[in-house]
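Asker: What follows is a predicted structure for the sequence shown.
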Amino acid sequence: RRLVAGGRSTLAVDERLRGRREAATAATPPLAPAGGGNRVVYDAGGAEDLPGRRVRDEDDPATGDAAVDEAHDHSGVAWDLFAEVFDRRSVDGRGTPLTVTVHYGQDYDNAFWDGDQLVFGDGDGELFDRFTKPLDVTVHEFTHGVTQFSAGLTYQGQSGALNESVSDVFASMAKQRALGQDAQQADWLIGQGLFLPDVKATALRSMLEPGTAYDDPRLGRDPQVGSMDAYVDTTEDNGGVHINSGIPNRAFALAARGVGGNSWERPGQVWYAALTDGSVTAGTDFAGFAQATVDAAARLFGDDPSVADQVRQAWQQVGLLT
Ligand code: ASN
Ligand code: ZN
């Protein structure tokens with residue numbers, strides 16, 4: 001029930017299905033154009049059988065079911081971010097159709113990528129609203145697909161926290177791009193609007209100020225950390241992947257603010273390159289990822305050393321790359 005940091009039931013599902021992760025796939029020529037996508041939304045009708053009943057194809061009009069239509073719209077935002085900004089079609093870069101299931105389970109307080117598709121619960125209606133509601137939650141889950149088909153970061157320990165962070169990084173970029181906000185204007189919150197109004201929570205996570213997103217007697221306090229000296233060693237949640245992801249999350253927010261401009265431009269290109277160019281692999285740890293982003297920044301923006309410099313300084317502020 002307390003699924004904000006990765007819940008028990010979902011983690012069980014997750015671990016079973018994430019075992020089916022495929023090896024990292026090299027970039028191949030696109031099969032589908034940008035700006036369109038190939039989304040297919042299914043309705044699980046409150047059951048937990050996937051994918052459920054097919055209810056909305058890419059070119060179909062809105063259905064009137066909020067979860068179906070939000071899932072369609074927000075997965076389109078994810079599709080377009082990767083296609084238009086990073087020249088990547090769908091999760092695999094080859095335009096593979098995207099399967100999205102809504103109305104999964106009863107009072108289900110989570111959303112996830114199961115290794116093959118996106119899945120969204122309706123929330124319990126007391127603490128959590130629909131998981132389709134915030135666009136960044138959908139982009140977060142979509143990005144788990146992208147990571148699976150690129151770096152393949154193992155969902156355990158530091159590589160798992162990086163997998164989580166990468167999902168937040170691209171989710172935040174998508175939100176900022178949709179709102180037309182640069183790195184300074186952005187609130188850096190993930191999952192704003194997911195909690196119902198009387199919950200003492202602004203969001204699921206804060207990338208800029210990890211640990212400050214919520215504090216409610218029913219939820220507890222946001223457990224995220226934002227620096228290596230607070231790194232949490234635990235066996236829960238695959239080694240604290242949703243807690244320690246605050247460290248690389250904050251590094252990205254600081255890097256983007258240091259570089260300036262839009263997060264999805266230069267900082268986004270740096271993180272995307274590191275994720276997809278082979279320099280980050282399944283077992284990469286925080287230090288390895290940090291170095292990969294500094295190297296990518298130097299390579300991509302050789303004419304402006306301040307980019308790599310800001311990226312390095314951001315990692316130093318969270319206690320990496322001494
Ligand atoms: N919503 C969670 C996530 O994508 C699902 C999980 O892993 N427990 O990280
Ligand atoms: Zn995640």
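Answerer: Cool, the structure landed. Numbering: from 1, shown residues only. Ligands and ions are numbered 1, 2, ... in the order given.
Asker: Show me what the host helix or strand of Val311 is in contact with.
Answerer: Under the criterion DSSP states H and E, the helix or strand holding Val311 is helix 306-317. The set of residues external to helix 306-317 that reach it, using C-beta atoms under 8 Å, 6 or more residues apart in numbering, is 227, 250-252, 254-255, 258-259, 266-267, 270, 290, 293-294, 297-298, 300-301, 321-322. C-beta coordinates here come from the backbone N, C-alpha and C atoms, glycine included.
Asker: So which other helices or strands are in contact with whatever helix or strand Thr101 lives in?
Answerer: Assigned by DSSP H and E, Thr101 belongs to strand 98-102. Other helices and strands packing on strand 98-102, by 3 or more C-beta pairs under 8 Å, 6 or more residues apart in numbering; DSSP states H and E, are strand 39-43, helix 66-80, strand 118-120.
Asker: and the angle from that strand to helix 66-80?
Answerer: Comparing the axes of strand 98-102 and helix 66-80 via axes from the mean of the first three to the mean of the last three C-alpha atoms, to 10 degrees yields an angle of 150 degrees.
Asker: and the helix or strand just after strand 98-102, what other elements does it pack with?
Answerer: As assigned by DSSP H and E, the chain's next helix or strand after strand 98-102 is strand 111-113. With contacts taken as 3+ C-beta pairs under 8 Å, 6+ apart, strand 111-113 sits against helix 8-18, strand 118-120, helix 135-148.
Asker: which helices and strands sit right next to the second one?
Answerer: Meaning strand 118-120. Applying 3+ C-beta pairs under 8 Å, 6+ apart, we find strand 118-120 packed against helix 66-80, strand 98-102, strand 111-113, helix 135-148.
Asker: do that again at 10 Å, thanks
Answerer: For strand 118-120, the helices and strands in contact under the criterion 3 or more C-beta pairs under 10 Å, 6 or more residues apart in numbering; DSSP states H and E are helix 8-18, strand 39-43, helix 66-80, strand 98-102, strand 111-113, helix 135-148.
Asker: how about a markdown table for these, with distance to ligand 1 and mean neighbour count added?
Answerer: Below are those laid out as a markdown table (distance: least, C-beta to the nearest ligand atom, whole Å; neighbours: other C-beta atoms under 10 Å):
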| stretch | distance to ligand 1 | mean neighbour count |
| --- | --- | --- |
| helix 8-18 | 4 | 16 |
| strand 39-43 | 18 | 24 |
| helix 66-80 | 13 | 22 |
| strand 98-102 | 14 | 25 |
| strand 111-113 | 4 | 25 |
| helix 135-148 | 5 | 26 |
